[in-house]
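Asker: Fold the following.
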Amino acid sequence: MQLFQLLIKVNNIMISGVPHLTTALNGPILQLEEHLLTHQTEVEAWFREQWLLTPAPFYASVDLRNAGFKLAPVDTNLFPAGFNNLNPAFMPLCIHAVQAGIERACPRARRALIIAENHTRNLFYLESIETLRQVFEQAGLEARIGSLRDDITEPLDVELPSGKTCKLEPVIRDGDRVSLGDFSPCLVLLNNDLSGGRPEILEGLEQQLIPPLSAGWSDRKKSDHFTHYHDVAKELAQQIKIDPWLISPLSLQCGEVNFMERNGGECLAKNVENMLSSIQSKYDEYGIDKEPFVVVKADSGTYGMGIMMVKHADEIASLNRKQRTKMSSAKEGLVVDNVLVQEGVYTFETIGDDSAVAEPVVYMMDHFVVGGFYRVHTGRGVNENLNAPGMHFEPLAFVQPCNTPDKLDVPDAEPNRFYAYGVIARLALLAAARELAD
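Answerer: As a prediction, the model looks like this:
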């Protein structure tokens, strides 16, 4: 009986595409969130049309910031880790979505090879990729994990804190195929963001490779992604008659920057000054009594590296050596020579008795929202980067019922709030789909 009830729950959730979850933020539903709920029919019909035109990437995670007056994405990851941080109750959603994604990408797939990141000593990451492997197996595929590290020349079993074991195996190239010894997969899933470049061993495969190599940070720019995001946000905003600024961060690219040699600093400072002025204009328009801030981040890369918060343009010229060194390189030694100057978005989400600052991270497979968690940092403020040492994660949990958003006569209902998060996350997913299609 419990299994039957769970299957009904999962089916109901997948109809709407967005599960009902509890959130850290309680209190009256905000005007923007209420507007999205009021126009749910138009929103969902618009998304259905968009997915027919541009299929979604296989998976992604999106970092959101909810300032109360504005709800916007600040990062989109096409090689998500952190599956171990999802609530275990989400696993049926993930399995269902993986099945849907595989039917579209490689319908006859029986075996899947998951290509891991190179930082194999990170046990938290290995927990994530082992969880992902198990999702694939429960979706009906034989799945194993391959490593591209030169020092892994034979299978390596890593004991994990959870009690699980993660087996890493060396990837072998034979003609136009990759394998793990006698394990020859139909489908190759990248969970490596290619910050170190495009591996030759994965070029020109006859096997289905998802996401494509062009989705890695060796090819991809955050500025391109947010250009597409501004477009899709504007299109949806026109459909439901809102100011697109309410769901989209202002951003621009600043190229030819060398922090160590102090080249490009004047141009960067000018762009920061212009961005702060633009934010202040919008704050004045909406009567927002907060100090604008700007996020300067590496235009390629992840893991919260190569990022700083700026409130005044003169902070650029006064960077000390430690700050310049921090901004000069990203993951796997990726050199930062282009930066994205982006509107800083406050968060007013908090968790726990000590009101630790939090931001939601939403996970999607195919075009379905399959869950998420809160990134929490007890040592950071509402206008600071939370993707930093000292952060921890709080899984989101199911609430009842879980088929459609609650009616507006329950204004502080958490599922309503998460519906809005699912809309913005899917907008970022659509932007990534268009970005890859280009």
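Asker: all contacts plus neighbour counts: C-alpha atoms, from now on.
Answerer: OK.
Asker: need the helices for the stretch 151-300 of the chain, in chain order.
Answerer: 222-240, 265-286 (DSSP state H, counting those that start in this stretch).
Asker: winner for burial among those?
Answerer: Of all the helices of the stretch 151-300 of the chain, helix 222-240 has the most neighbours on average by mean count of other C-alpha atoms under 10 Å, namely a mean of 19.
Asker: Restrict that one to CA atoms and write it as CSV.
Answerer: Coordinates of each C-alpha in helix 222-240 appear next as CSV, following Å, rounded to 0.1, in the frame of the first residue of the first chain:
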residue,chain,number,x,y,z
LYS,A,222,28.8,32.5,-18.4
SER,A,223,28.2,35.7,-20.3
ASP,A,224,26.8,33.7,-23.2
HIS,A,225,24.5,31.8,-20.9
PHE,A,226,23.1,35.0,-19.3
THR,A,227,22.6,36.6,-22.7
HIS,A,228,20.3,33.7,-23.5
TYR,A,229,18.8,33.9,-20.0
HIS,A,230,17.9,37.6,-20.5
ASP,A,231,16.2,36.7,-23.7
VAL,A,232,14.0,33.9,-22.3
ALA,A,233,13.3,36.0,-19.2
LYS,A,234,12.1,38.8,-21.4
GLU,A,235,9.9,36.4,-23.5
LEU,A,236,8.2,35.0,-20.4
ALA,A,237,7.9,38.4,-18.8
GLN,A,238,6.0,39.5,-21.9
GLN,A,239,3.7,36.6,-21.6
ILE,A,240,2.7,37.3,-18.0
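Asker: For it, what does the pLDDT average out to?
Answerer: Helix 222-240 shows a mean pLDDT of 96.
Asker: Over to stretch 247-262?
Answerer: pLDDT averaged over stretch 247-262 gives 78.
Asker: What residues does residue 95 make contact with?
Answerer: Residue 95 makes contacts with 135-136, 138-139, as judged by C-alpha atoms under 8 Å, 6 or more residues apart in numbering.
Asker: So it versus residue 134, what's the distance?
Answerer: Noted for residue 95: a distance of 9 Å to residue 134, by C-alpha to C-alpha, to the nearest Å.
Asker: hmm, back to that, go through the helices of the stretch 151-300 of the chain and name the closest to residue 357.
Answerer: With C-alpha to C-alpha as the measure, helix 265-286 is the member of these nearest residue 357 (22.2 Å).
Asker: Now do the closest one: distance to the chain's middle.
Answerer: Computed by C-alpha atoms, centre = their mean, to the nearest Å, the chain-centroid distance of helix 265-286 equals 26 Å.
Asker: Also stretch 206-224?
Answerer: The answer for stretch 206-224 is 15 Å, by C-alpha atoms, centre = their mean.
Asker: May I see the buried residues of it?
Answerer: 207-211, 213, 215-218, 220-224 (16 or more other C-alpha atoms under 10 Å).
Asker: Kindly indicate which of those residues lies nearest residue 269.
Answerer: Using C-alpha to C-alpha, the buried residues of stretch 206-224 come closest to residue 269 at residue 223, 17.7 Å.
Asker: Hmm, residue 254 and the closest one touching each other?
Answerer: No. If you go by C-alpha atoms under 8 Å, residue 223 and residue 254 don't touch, sitting 9.3 Å apart.
Asker: Save the helices of the stretch 151-300 of the chain as TSV, and put in distance to residue 38 too.
Answerer: Below are the helices of the stretch 151-300 of the chain laid out as TSV (distance: least, C-alpha to C-alpha, whole Å):
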stretch	distance to residue 38
helix 222-240	9
helix 265-286	21
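Asker: Of those helices, which is nearest residue 166?
Answerer: If we rank those by C-alpha to C-alpha, the stretch that ends up nearest is helix 222-240, at 31.6 Å.
Asker: And the closest one, what does it pack against?
Answerer: helix 40-53, strand 251-254, helix 414-437 (3 or more C-alpha pairs under 8 Å, 6 or more residues apart in numbering; DSSP states H and E).
Asker: now the angle between helix 40-53 and it, please.
Answerer: 130 degrees (axes from the mean of the first three to the mean of the last three C-alpha atoms, to 10 degrees).
Asker: Neighbours of residue 385, how many?
Answerer: Applying other C-alpha atoms under 10 Å, we find 16 residues neighbouring residue 385.
Asker: right, I mislabeled it, should have said residue 37
Answerer: 21.
Asker: Check which helices and strands the host helix or strand of it is in contact with.
Answerer: Assigned by DSSP states H and E, residue 37 belongs to helix 31-38. The contact analysis (3+ C-alpha pairs under 8 Å, 6+ apart) places helix 31-38 against helix 414-437.
Asker: again, 10 Å this time
Answerer: Using 3 or more C-alpha pairs under 10 Å, 6 or more residues apart in numbering; DSSP states H and E as the contact test, the elements touching helix 31-38 are helix 40-53, helix 222-240, helix 414-437.
Asker: tilt between the shortest one and helix 414-437?
Answerer: Regarding helix 40-53 and helix 414-437, their directions subtend 20 degrees when assessed with the same axes, to 10 degrees.
Asker: what sits up against helix 40-53?
Answerer: With contact meaning C-alpha atoms under 10 Å, 6 or more residues apart in numbering, helix 40-53 is reached by 16-17, 34, 36-37, 56, 232, 235-237, 239-240, 366-367, 405, 419-420, 423, 426-427, 430, 433-434.
Asker: Could you list the low-pLDDT ranges of the stretch 101-250 of the chain?
Answerer: The model of the stretch 101-250 of the chain has pLDDT under 70 over residues 120.
Asker: ok, 80 please
Answerer: 119-121 (pLDDT under 80).
Asker: Return the distance of the closest residue to residue 139 other than its chain neighbours relative to residue 379.
Answerer: Nearest residue to residue 139 in three dimensions, chain neighbours excluded: residue 95, at 5.1 Å (C-alpha to C-alpha, 6 or more residues apart in numbering). Distance of residue 95 to residue 379, given as C-alpha to C-alpha: 36 Å.
Asker: Could you do residue 226 as well?
Answerer: Distance of residue 226 to residue 379, given as C-alpha to C-alpha: 28 Å.
Asker: got any residues that touch both of residue 223 and residue 254?
Answerer: 298-299, 338-341.
Asker: most neighbours, which of those?
Answerer: Going by other C-alpha under 10 Å, residue 298 tops those with 29 neighbours.
Asker: Assess the claim that it and residue 340 are in contact.
Answerer: Yes. At 6.2 Å, residue 298 counts as touching residue 340 under the criterion of C-alpha atoms under 10 Å.
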